[in-house]
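A.B. asks: Sequence first, predicted model second:
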Amino acid sequence: MNAKSWTISDFMTPVVCCADVELTLADARDRMTANKIRHLLITRGPMVVGVLSQRDIDVADASAGKREALTIADAMHTDVFTCNDGAPLGDVVAAMESRKIGCTIVRDGSRAVGIFTTTDALRAVRALLAGEQVEPLSPPTHIVPHDEIGPIARHDVRVSESVRSASGMIGSVGL
């Protein structure tokens with residue numbers, strides 16, 4: 001495979017770890033720690049309504065003081081970046097770099113099919129240097145192989161209209 005033909009789906013994490021918008025930030029932190037990840041897709045029912053990062057939790061905790069337990073809704077971002085699963089890798093990383101974005105929701109139509117993070121981008125750099133695809137050095141623990149069927153943890157979530165409209169357009173990526 002030629003590096004110039006790589007798409008975002010060649011490097012994305014294909015199974016996205018999700019959390020419901022009504023959970024507490026402590027619940028989100030526990031889920032991230034258990035799964036060795038730094039981003040959660042936030043859902044309301046079957047819809048992705050935002051993204052929460054470890055940094056978002058840290059900022060919310062620092063500003064909360066002694067207030068009641070905060071929910072994910074208090075700290076998540078709803079203006080998230082998305083791209084189609086066939087988007088050229090170079091276009092997506094250029095958009096992430098210019099906007100200083102830590103992750104991108106990868107979708108097939110309106111369905112979330114993966115997430116692409118800066119850790120995935122580092123794997124892409126290693127692949128570019130090696131001249132071939134490389135395995136993740138720190139795979140998340142929520143992906144469990146299951147024979148030829150593929151991962152058993154599938155999240156059939158759709159991207160909400162507000163998330164889709166917030167993602168905007170970049171070049172020819174066709175968000």
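C.D. replies: Cool, got the structure. Numbers count the residues shown, from 1 in each chain.

A.B. asks: tell me, what residue is most central in the chain?
C.D. replies: In the chain, the residue lying closest to the centroid (Cα atoms, centre = their mean) is residue 115, at 3.2 Å.

A.B. asks: Hmm, residue 96 is touching residue 83, no?
C.D. replies: No. Judged on Cβ atoms under 8 Å, residue 96 makes no contact with residue 83 at a distance of 9.4 Å. The C-beta positions use only the backbone N, C-alpha and C, and glycine is treated the same way.

A.B. asks: Identify the contacts common to these two.
C.D. replies: Residues touching both residue 96 and residue 83 (Cβ atoms under 8 Å, 6 or more residues apart in numbering): residue 104.

A.B. asks: neighbour count winner among these two?
C.D. replies: residue 83 (27 against 20; other Cβ atoms under 10 Å).

A.B. asks: Check which helix or strand that one maps to.
C.D. replies: Residue 83 belongs to strand 82-84 when assigned by DSSP states H and E.

A.B. asks: List the buried residues of the longest helix anywhere in the chain.
C.D. replies: For the chain, the helix with the greatest residue count under DSSP state H is helix 118-130. Within helix 118-130, the residues that count as buried by 16 or more other Cβ atoms under 10 Å are 119, 120, 121, 123, 124, 127.

A.B. asks: One more: stretch 74-82?
C.D. replies: For stretch 74-82, using 16+ other Cβ under 10 Å, the buried residues are 74, 75, 76, 77, 80, 81, 82.

A.B. asks: Residue 57 in helix, strand or coil?
C.D. replies: Recorded secondary structure, residue 57: helix (DSSP: H, G, I helix; E, B strand; the rest coil).

A.B. asks: distance of it from residue 63?
C.D. replies: Separation of residue 57 from residue 63 (Cβ to Cβ, to the nearest Å): 11 Å.

A.B. asks: of these two, who's got more company?
C.D. replies: residue 57 (21 against 11).

A.B. asks: Tell me the predicted confidence for the more buried one.
C.D. replies: For residue 57, the pLDDT comes out at 92.

A.B. asks: who's in contact with it?
C.D. replies: Residue 57 sits next to 25, 28, 29, 32, 75 when contact means Cβ under 8 Å, 6+ apart.

A.B. asks: next one: residue 107
C.D. replies: Going by Cβ under 8 Å, 6+ apart, residue 107 touches 82, 83, 84, 85, 113, 159.

A.B. asks: what's the farthest-apart pair in those residues?
C.D. replies: Greatest spatial distance in those: 85 and 159, 12.1 Å, computed using Cβ to Cβ.

A.B. asks: close enough to count as contact, residue 105 and residue 77?
C.D. replies: No. Using Cβ under 8 Å as the test, residue 105 is too far from residue 77 to be in contact (11.0 Å).
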